[in-house]
Each structure stands twice: as structure tokens, then as C-alpha cells.
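Trainee: Quick one: sequence and predicted model below, then my questions.
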Amino acid sequence: MTAILDRFRRLLDASPTSFHAARHAAEQLEAAGYTELDETGPPEALPPGARRYVLRAGSLVAFRVGGRHPAQAGFRVVAGHTDSPNLRVKPRPHRHDHGYLRLGLEPYGGVQLATWVDRDLGMAGRVVVRDGSGQRATLVDLRRPLCRVPTLAIHLNRTVNEDGLKLNAQTQLPALFALAEDTSGDPLRGLLGEAIGCAPTDVLTWDLALYELTPAAVSGLRGEFLHSGRLDNLGSCHAGLEALLAAGDADVPAATAVLALFDHEEIGSLTERGAQSGWFEQLLGRIVRDAAGDGAGGLSRALTQTWLVSADMAHAVHPAHSDRHDGEHMPKLNAGPVIKQHTNWRYATEADGAAFFLRLCEQAEVPCQWFVNRSDLACGTTVGPIVSARLGVRGVDVGNPMLSMHSVREMCGTADQARMVAAMTRLYVG
């Protein structure tokens, strides 16, 4: 458990954005013998045991071909998402206000804005620069205090504790970046050019986000808690990655193991590399086409024998707000993976999928919990219903319990990660 937790913390600290998370996963896969599949290349043979991955910006799909053709044995899929709610830097961000230089920001996903104030914020993401007559994208991580969204003193906002902190995203969210009189030209491009090693004028544009700089930390009287940004949903990404790598030490099972980590779940997944795109289905079709053996019947035959485990963090019961939970479905930290069910299909779980995951937990000898939303509250969703409906596959939605979801700094249990890894490993080894 300690080794898994240490690797989990390293992934969290190395992944300030979805781009970095996908790249970190790719590096771990390469170290385990996976090679990158060229999507533009011609067909290549994929014999049993072949290990490949495809990296597309902040999304990644990895697979290990099974001992039998997918048309005969199907796929075993873990699907999660690499993105987390954050604050994105606008393309023309500089704002001069009363002697300050501020950066214009746009909320990405369901951000708890009040948790981002009075924090030391770094900046990371993808920058596109000139490259001869063309362009190239490069990752940057400015891992030092650069920005801050300061609060107004209580002397000037006497009712803040009664009314709560409310921020206007357009006028009050822009982050302090510098004193205006100390800057000239385009200071952000200058900073990025210095980090990349190019002229500021060669910086074309970016996909940049702010992030909180405190590393992941174990806390609690007995070390029972883990605090970090981006637990939702890097916790599930890490568990799926660990399981795929652990399954590589076993004999090649009949079914093909697949790990799908999608970007853009927090904004609906309707993008070129999100769960609603055709990208994943096309990749599965390529595996069916190129795998060795009898592929008669193709992708449709494979999908009828496929199981999907959609993995996204779950709502643990809050000690001060237990009334926000259904009384019979109140997950607790360090009590095991959670099966998430919603009768109106916000989660991709019905009885057959739930029973399938329950049996995985039994085989892995880990406890299992349930979450069902209060019937009088709106429910969130995951990539599960999207992937299940698009592919026509059976599935189940699961996740580890956590608190402070969508905060700049989230919280989960230290014992749950290894248990989820164990259950997912059972999925892959068959």
C-alpha cells in the first residue's frame, strides 16, 4: 500500500494539468514496455501480449492485446478522465487596474471559486510556438508562486462570514501578476519564452491553467488522509494505470485490457479527444482489425463481450452535512471502492454491472460500498453513460470516496487507493 500511495503522490505532483497527467502516464507505460502507436501510420500486427498506447494531448488510451482475438473475448476497459476544474488563462489576459497587472481568467468546469483565493498559484499547460514555417506544442510548468487572487479585508466586507464569499468571475477573479509600472511589452509571453527557450514573439498562444503549489500530503492522526489538488479524477487515472501495469506481470488473459483516460469530462466531453468523440471507438476498431486470429464479425462482436468500468471519484459522507446523503448509501473514507448507481442513468450502472464489480472486489478481497444520490437532489455524471451508450457495452460506475470535491485542495483516504487498484487488476487479469 505504501508503494502505491507514494507513486500516487508523485503522479499528483507531476500533473498540474491534463496534458502533464497524460504525459506522465505515457512515461510510466513506456518504462513497462509499452510503445506508442502511430495513428497516422499503416496497419501493424498486434499479436497476443502486444502493448501499445496512444497519446493525444491530455487524453491517453493504452492496451494490452489479449490471448484471444477481441471478437472472441472482448475488451476489459477502465475509463476515467485526466482533467480537473481550474482557472484557465485567457488568450489576451493582461489587465491594468490601479497600478496592478492582473491576468484574466476563465473558470473551467465546476470550480469552487472561493477555495482559490489567497493561495500561491503556479501556472502550467501547453504552449504553441513557431517552428520554422510551422508550429509545435510544448508543455510548460512554471512551478513557483506567480499569481494570487486576494480577498478583500473583513473590515471592508463585514458580512462575508454570514453571506459567504462570492466572486464575480469577470471582475473579481483576475489574478494579481505584477505591479503595472514594473512591466512593459508582453510580460506573460516574455516569461513563457524564457521557460521554453524561444523569443517572446514566437509564442503564438496557449492552453494554460493556474494551480495550487502545495504538494500532495498525508495527514491525520494515523496518516489516514491524503490532501491534494486534482484528486478528482487523477485518483481513478492512477488506479487504472497501476492495475494495467500490475496485470502485465501475469499471463496474458483472453480479453484485451484497455485503459482510456479522457480529457474534457468536466466540461461535457464533447471535444475531439473527449469521451463523446469517435476517437476511442476508432481505436478499438483498429485493435480488432490488426489483432491476430479470427476477427470475423469485427468490432460489434467484440463489444458484445466487453465490460466497462467507469472510474470517477465518489462523494464521501461529510460529517457536518450528512443530510445531503441518502441514509442507506453514505460512503466513508478508507472503507473501500464505491459503486455509484442512478436510475436515470447519470451513472452507467445497473444490476448486472454492479454484480460484476462486486465479484471483482470479492476476488480481490477488498470491501465495497454504495452511493445513490438523494432522490430530491440533482446528480452529477461521468464518462460512463457516454462511453456505454456510444459503444453499446455493459458497464458500471465506481470511484473512491473523497471530500472537498472540486476544491483547489481535495481530500481522500490513504487506504482506498490500493483497494481500487486490486479490484481493477482483477478486471484485467480475468
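Mentor: Ah, there it is.
Trainee: Show me the strands in the stretch 301-430 of the chain, by range?
Mentor: In the stretch 301-430 of the chain, the strands defined using DSSP state E, counting those that start in this stretch lie at 307-311, 314-315, 338-341, 369-372, 394-399, 401-403, 410-413.
Trainee: Identify the residues contacting the first one?
Mentor: Taking CB atoms under 8 Å, 6 or more residues apart in numbering as the criterion, the residues outside strand 307-311 that touch it are 74-80, 233, 236, 239-240, 347-348, 353, 356-357, 382-384, 387-388, 391, 393-399, 420, 424, 427. Just so you know, the C-beta spots here come from the backbone N, C-alpha and C atoms, and that holds for glycine as well.
Trainee: Weed out the non-buried ones from those.
Mentor: 74-80, 233, 236, 239-240, 347-348, 353, 356-357, 382-384, 387-388, 391, 393-399, 420, 424, 427 (16 or more other CB atoms under 10 Å).
Trainee: Which strands or helices does the longest strand belonging to the chain pack on?
Mentor: In the chain, assigned by DSSP state E, the strand with the most residues is strand 134-147. On a contact count with 3 or more CB pairs under 8 Å, 6 or more residues apart in numbering; DSSP states H and E, strand 134-147 meets helix 18-31, strand 121-131, strand 175-179, helix 187-196, strand 203-212.
Trainee: Just the CA atoms of the helix or strand that comes right after it, as PDB, please.
Mentor: Using DSSP states H and E, the helix or strand that follows strand 134-147 towards the C-terminus is helix 160-163. The C-alpha atoms that make up helix 160-163 are tabulated as PDB, following Å, rounded to 0.1, in the frame of the first residue of the first chain:
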ATOM      1  CA  VAL A 160     -18.600  37.900   4.500                       C
ATOM      2  CA  ASN A 161     -18.800  35.300   7.200                       C
ATOM      3  CA  GLU A 162     -22.600  35.500   7.200                       C
ATOM      4  CA  ASP A 163     -23.200  35.800   3.500                       C
END
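Trainee: Strands of the stretch 151-300 of the chain, residue ranges please.
Mentor: Using DSSP E, counting those that start in this stretch, strands in the stretch 151-300 of the chain cover 175-179, 203-212, 217-219, 225-228, 256-262.
Trainee: which ones are touching the residue nearest the centre of the chain?
Mentor: The centroid of the chain falls nearest to residue 82 when counting by CA atoms, centre = their mean (2.2 Å). For residue 82, the contact set (CB under 8 Å, 6+ apart) comprises 15, 18, 21-22, 58-60, 233-234, 237, 261-263.
Trainee: 10 Å instead?
Mentor: The neighbourhood of residue 82, defined by CB atoms under 10 Å, 6 or more residues apart in numbering, consists of 15, 17-25, 57-60, 230, 233-234, 236-237, 261-266, 273.
Trainee: confidence score at it?
Mentor: pLDDT, residue 82: 98.
Trainee: for residue 149, same thing?
Mentor: 98.
Trainee: so what's it up against?
Mentor: Contacts of residue 149 by CB under 10 Å, 6+ apart are 87, 102-103, 105, 113-114, 116-119, 121, 167, 172-176, 210.
Trainee: Any of those buried? List them.
Mentor: 87, 102-103, 105, 113, 116-117, 119, 121, 167, 173-176, 210.
Trainee: tell me which residues in stretch 43-50 are buried?
Mentor: Buried-residue list, stretch 43-50, by 16+ other CB under 10 Å: 46, 48, 50.
Trainee: now do the same end-to-end measure for that stretch.
Mentor: 14 Å (CA to CA, to the nearest Å).
Trainee: follow-up on the earlier one: neighbouring strands of the longest strand of the chain in the sheet, and parallel or not?
Mentor: strand 121-131 (antiparallel) (DSSP bridges).
Trainee: Which residue comes closest to residue 63 once chain neighbours are left out?
Mentor: residue 258 (4.6 Å; CB to CB, 6 or more residues apart in numbering).
Trainee: Show me how far stretch 226-243 is from its chain's centre.
Mentor: 7 Å (CA atoms, centre = their mean, to the nearest Å).
Trainee: and what of stretch 114-125?
Mentor: Worked out by CA atoms, centre = their mean, stretch 114-125 lies 18 Å from the chain centre.
Trainee: Equivalent analysis for stretch 404-416, please.
Mentor: With CA atoms, centre = their mean, you get 13 Å for stretch 404-416.
Trainee: in that stretch, what's buried?
Mentor: For stretch 404-416, by 16+ other CB under 10 Å, it's 404-416.
Trainee: what's the angle from the longest strand of the chain to strand 203-212?
Mentor: Taking axes from the mean of the first three to the mean of the last three CA atoms, to 10 degrees, one finds that strand 134-147 is oriented at 30 degrees with respect to strand 203-212.
Trainee: Could you list the alpha-carbon positions for strand 134-147 in PDB?
Mentor: In PDB, the C-alpha atoms belonging to strand 134-147 read as follows (Å, rounded to 0.1, in the frame of the first residue of the first chain):
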ATOM      1  CA  GLY A 134       5.100  25.700 -38.900                       C
ATOM      2  CA  GLN A 135       4.200  25.300 -35.200                       C
ATOM      3  CA  ARG A 136       4.800  22.900 -32.300                       C
ATOM      4  CA  ALA A 137       3.200  22.500 -28.900                       C
ATOM      5  CA  THR A 138       5.300  22.200 -25.800                       C
ATOM      6  CA  LEU A 139       4.400  21.600 -22.100                       C
ATOM      7  CA  VAL A 140       5.400  24.100 -19.500                       C
ATOM      8  CA  ASP A 141       5.200  24.000 -15.700                       C
ATOM      9  CA  LEU A 142       6.100  27.300 -14.000                       C
ATOM     10  CA  ARG A 143       6.300  25.800 -10.600                       C
ATOM     11  CA  ARG A 144       6.700  28.800  -8.400                       C
ATOM     12  CA  PRO A 145       4.400  31.400  -6.900                       C
ATOM     13  CA  LEU A 146       3.300  33.600  -9.800                       C
ATOM     14  CA  CYS A 147      -0.300  34.700  -9.100                       C
END
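Trainee: Since that was my last question, I'll sign off now.
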